[in-house]
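>>> take a look and give me a structure for this.
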Amino acid sequence: MDSNGPLDDRGFYRLVACAAPPDGPCTKPFYRWRKTTLTVGIVERAPSFLGGKLKRAEAAAVRAVQRLNAAGMGLTLVPDEGNPDIAIHLLDVPRGNVIPAPDLLKGKTMANAITALDVTGSTITGAVIGFSNTITLRQYESVMLEEITQALGLITDIQNPHYLTRSILSQNADNSLKTLGVQDKMALIRHYPPD
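Okay, here's the model as predicted:
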């Protein structure tokens, strides 16, 4: 979603949460999980990820969970690879190719990584994240944090030069940002207010 210059907190939140252009109406529902604890884990590891890539992906998942849990929102993420709410697939699919599976991602075109939500109405009931086998090692930490943030319902990327170094949700960033920006944290807290 395009915008220019710094957005106020309301404008930033509405852009990333319901795809509202600045001063415009929402173009998507506000999607939210209706529970306060979510599990997150890597459930598929293609052979092309063995070695350094796998270690980097696993470490990035741990750090993303830590950073999101430290944001102050009323939602807690727990690592669990059994049958997680947010399932991460390290796929043997290069960027630009069509994804053959799993179901929520099937038929979509692979980016560095891609997130899809399973929703009933405005309630998120599951999320799937797919990582390409062509993502570079230095991008894992940033992309993992971005995709898990999107799996929480902040699904719209922001296209705005001001946010290149200020938001994990910046579409045009070079994936060098490895922490949540100030307004990213604000948006998470608005989406999941603490008790």
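
>>> my guess is Leu105 meets Val128, correct?
Yes: counting by C-beta atoms under 8 Å, Leu105 does reach Val128; the two are 5.8 Å apart. C-beta: built from backbone N, CA, C; applies to glycine.

>>> shared neighbours, the two?
His89, Ala116 (C-beta atoms under 8 Å, 6 or more residues apart in numbering).

>>> tell me what the longest helix belonging to the chain is packed against?
Ranked by residue count and defined by DSSP state H, the top helix of the chain is helix 52-69. Helix 52-69 sits against strand 37-45, strand 76-79, strand 86-90, helix 140-151, with contacts defined as 3 or more C-beta pairs under 8 Å, 6 or more residues apart in numbering; DSSP states H and E.

>>> go with 7 Å
Judged by 3 or more C-beta pairs under 7 Å, 6 or more residues apart in numbering; DSSP states H and E, the packing partners of helix 52-69 are strand 37-45, strand 76-79, helix 140-151.

>>> which residues sit in contact with the residue positioned nearest the centre of the chain?
Nearest residue to the geometric centre of the chain (C-alpha atoms, centre = their mean): Glu147, 2.0 Å. The contact partners of Glu147, taken as C-beta atoms under 7 Å, 6 or more residues apart in numbering, are Ala113, Thr115, Ile129.

>>> any chance of CSV for the residues you listed, columns pLDDT and neighbour count?
Shown next, in CSV, are the contacts of Glu147 (pLDDT from 0 to 100; neighbours: other C-beta atoms under 10 Å):
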residue, pLDDT, neighbour count
Ala113, 96, 23
Thr115, 97, 21
Ile129, 98, 27
